[in-house]
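Build me a model:
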Amino acid sequence: MNEAIRSKEVRLIDETGENVGVVSYEDAMARATTVGLDLVEISPDANPPVCKILDYGKFKYQEQKKAAEARKRQKVVEIKEIKMRPSIDDHDYDVKMRSMKRFFDEGDKVKVTLRFRGREMAHQELGYQLLQKVKGDIEPLAKVESEPRLEGRQMVMVLAPR
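Numbering: from 1, shown residues only. Next comes the predicted model:
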C-alpha cells in the first residue's frame, strides 16, 4: 500500500475501475494523492504488479464483511453417536434408525457404537451382523465412511450422508 510498493512500474487501475495500463510508480502515486485515495497493490506476483486506486479502509471493511458472511454460511458437520447393544430389540432398533435418518437429514455424520458386555464378547459376529443390517437399511441415505472395527469392548462404524 502507498509507500510500501517497491516496484518501479505498475499496472494501474484507477478509482473508476478503468485499466490505465503500465505507468511509473511515481505517476501512479501522484494520481492517487490528487484523488485523495490510496494506491493498493492487488496482485504483487504479476509482472509488473497490479495496483488499484481505492479507499483502503473501505476495502478492508468490505473484505471483513465478506469473510464474516462466508463463515455464517458454512455448515459445521457434527458427528452424532448412536449406541446399541448386540441384543437390541426390534422396536428399539427402529427408534435408533429414525434418529439416524433425522441426523442425516440435518447433514451430520453418525457414529454407530455397539457395546459388548460380559459374555457378549464371545459372540462378536452377532454384533458385526447387526452393523451390517444397519448398513443395509441406511444404504439409500448414507455411505459408510469407516467399516465396522473392534475397539476394545465396542465395535464402531462411521456413516456420512450422501
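
Every contact and neighbour count from this point should use C-alpha atoms.
OK.

Which of the helices or strands spans residue 12?
Here residue 12 is covered by strand 9-13, with elements defined by DSSP states H and E.

That strand - what's its average pLDDT?
Here strand 9-13 scores 89 as its mean pLDDT.

and the biggest helix by length in the chain, how far from the chain's centre?
When the chain is parsed with DSSP state H, its longest helix is helix 56-73. In terms of Cα atoms, centre = their mean, to the nearest Å, the centre of helix 56-73 is found 18 Å from the chain centre.

and what of stretch 20-28?
For stretch 20-28, the separation from the chain centroid amounts to 40 Å (computed by Cα atoms, centre = their mean).

Restricting to C-alpha, output it in CSV.
The C-alpha coordinates for stretch 20-28 follow below in CSV (Å, rounded to 0.1, in the frame of the first residue of the first chain):
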residue,chain,number,x,y,z
VAL,A,20,-4.9,2.7,-17.3
GLY,A,21,-2.0,0.5,-18.3
VAL,A,22,1.6,0.3,-17.2
VAL,A,23,2.8,3.6,-15.6
SER,A,24,5.7,4.5,-13.3
TYR,A,25,5.2,4.2,-9.6
GLU,A,26,5.6,7.9,-9.0
ASP,A,27,2.9,8.7,-11.6
ALA,A,28,0.5,6.2,-10.0
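
Name the residues of the longest helix of the chain that come out as buried.
Within helix 56-73, the residues that count as buried by 16 or more other Cα atoms under 10 Å are residue 56.

Contacts for it next, please.
Residues outside helix 56-73 that contact it (Cα atoms under 8 Å, 6 or more residues apart in numbering): 37, 38, 40.

if I pick the second one, what's in contact with it?
For residue 38, the residues meeting the contact criterion (Cα under 8 Å, 6+ apart) are 1, 2, 32, 53, 54, 55, 56.

Tell me which other helices or strands the longest strand that the chain contains touches.
If you go by DSSP state E, the chain has its longest strand at strand 142-151. With contacts taken as 3 or more Cα pairs under 8 Å, 6 or more residues apart in numbering; DSSP states H and E, strand 142-151 sits against helix 124-138, strand 154-161.
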